[in-house]
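Enquirer: this is the structure alone, sequence omitted:
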């Protein structure tokens, strides 16, 4: 169950990073809504990470949480913010995913 909590925490990390990206492209009241979304997502992500680390090894949980956030944020950047999807960027993204899977596989 804590792995599921950790995955959800990672998705909220993607959400708070995405809110920052949207906030910098907007102005006025809309910008503040994105910052509010950032703080809400950040809080939920941290609380879920804290819950997951009650039973999962801290180093593994943090690495997986950060990896989910990094991979998700790159994908949001590519699909939402129209950032480039160059070969080397995707190659290293794939190695990051492989590392996350490897960490989960060797965790007890």
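Expert: Yep, it's here. Every value quoted in this text rests on a predicted model; they were computed, and no experiment measured them.
Enquirer: now the least confident helix or strand in the chain by mean pLDDT: buried residues?
Expert: When the helices and strands of the chain are scored by mean pLDDT, DSSP states H and E, helix 87-106 comes last with a mean of 91. By 16 or more other C-beta atoms under 10 Å, the buried positions in helix 87-106 come out as 93, 96, 100, 103. Just so you know, the C-beta spots here come from the backbone N, C-alpha and C atoms, and that holds for glycine as well.
Enquirer: which other helices and strands contact the helix or strand encompassing residue 30?
Expert: If you go by DSSP states H and E, residue 30 is part of helix 28-52. Under the contact definition 3 or more C-beta pairs under 8 Å, 6 or more residues apart in numbering; DSSP states H and E, helix 28-52 sits against helix 2-23, helix 58-79.
Enquirer: now those helices in a markdown table, with distance to residue 52, mean pLDDT and mean neighbour count?
Expert: Formatted as a markdown table, the helices and strands packed on helix 28-52 follow (distance: least, C-beta to C-beta, whole Å; pLDDT from 0 to 100; neighbours: other C-beta atoms under 10 Å):
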| stretch | distance to residue 52 | mean pLDDT | mean neighbour count |
| --- | --- | --- | --- |
| helix 2-23 | 4 | 96 | 19 |
| helix 58-79 | 5 | 93 | 17 |
